[in-house]
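Asker: need a structure here:
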Amino acid sequence: MTTLFGVAHLTLLGLLLLSPAETAQYRIVVPLAALGFLAYLRALWHGLAVTLTQDGVHADKYSGALTFPWTALDPDRPPEVSSHEVRVRYRRPEAARVTHRLVRRGTVVTEGIRPERAAAALRHYLAHPEERARIGTADGLARLLTAIERPVPAASDSTTWTGRRLAATVVITLIVLAVMIGVEVWADERFGDDSAGAVLVHLLTGSVTVGTGGVLVDAIRGYRKRRR
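Answerer: Below is the predicted model of the structure:
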């Protein structure tokens, strides 16, 4: 998802560069669009991943990396899924180390693996420290997969998607979509269809729409999972 968003961002930046630079707005919008890459440039290069080792956890995030030993986590408050992230709680927060411009130490983000599975793996090794010595081995992987495929009582998600919450999410999504369409129509009338300002507005509204759609997809998945 991060890579696809980066390609779309780069494509729109190219369209901006092809637009005539006839206004002062163009000289402002293009640098701002280019600087937008800084928000997730590290994620494009390193990816979003959670690496488990015998000593602890290393998580590559959008703007930095988070590293903490297993002993830093609070066993009484195991990791749980929060939207598309995995929330972790510390018993020794001072043991967590960050690099670059990372500001959130309480979550890790995964890409290519469902956050439920990442949270289950973290919970397993937190509850069974004797299994950590097998991390990185074929036997350890087999034992982990066998363990996390079984229902775990403590593995409940922090967000319970009831029918009412799902309906509210659908309504909010439709409202946001209508607002974004209205903003795009206003931008086309205000700046012109092919202007740099209108393209930037389309980029921003598209990002909001994709993000809102992601929340709706999570809501549908959470509701279906709860109904099973």
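
Asker: now the longest helix along the chain: mean pLDDT?
Answerer: Counting residues, the longest helix found in the chain (DSSP state H) is helix 196-227. Averaging pLDDT along helix 196-227 gives 76.

Asker: list the contacts of stretch 124-134.
Answerer: Residues outside stretch 124-134 that contact it (C-beta atoms under 8 Å, 6 or more residues apart in numbering) are 52, 54, 70, 73, 75, 78-79, 135, 140, 143-144, 147-148, 152, 154. For glycine as for every other residue, the C-beta is placed from the backbone atoms N, C-alpha and C.

Asker: coming back round to it: in the longest helix of the chain, which residues are buried?
Answerer: By neighbour count with 16 or more other C-beta atoms under 10 Å, helix 196-227 contains the buried residues 196-206, 209, 212, 216, 218-219, 222-223.

Asker: buried ones in the helix or strand hosting V50, by neighbour count?
Answerer: V50 is part of strand 49-52 when elements are defined by DSSP states H and E. Buried positions in strand 49-52, judged by neighbour count with 16+ other C-beta under 10 Å: 49-50, 52.

Asker: can you check stretch 183-192 too?
Answerer: Buried-residue list, stretch 183-192, by 16+ other C-beta under 10 Å: 184, 187-188, 191.

Asker: would JSON lines of those with distance to V98, secondary structure and pLDDT be doable?
Answerer: Below are these laid out as JSON lines (distance: C-beta to C-beta, whole Å; DSSP: H, G, I helix; E, B strand; the rest coil; pLDDT from 0 to 100):
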{"residue": "E184", "distance to V98": "37", "secondary structure": "helix", "pLDDT": "85"}
{"residue": "A187", "distance to V98": "37", "secondary structure": "helix", "pLDDT": "84"}
{"residue": "D188", "distance to V98": "42", "secondary structure": "helix", "pLDDT": "83"}
{"residue": "F191", "distance to V98": "40", "secondary structure": "helix", "pLDDT": "79"}
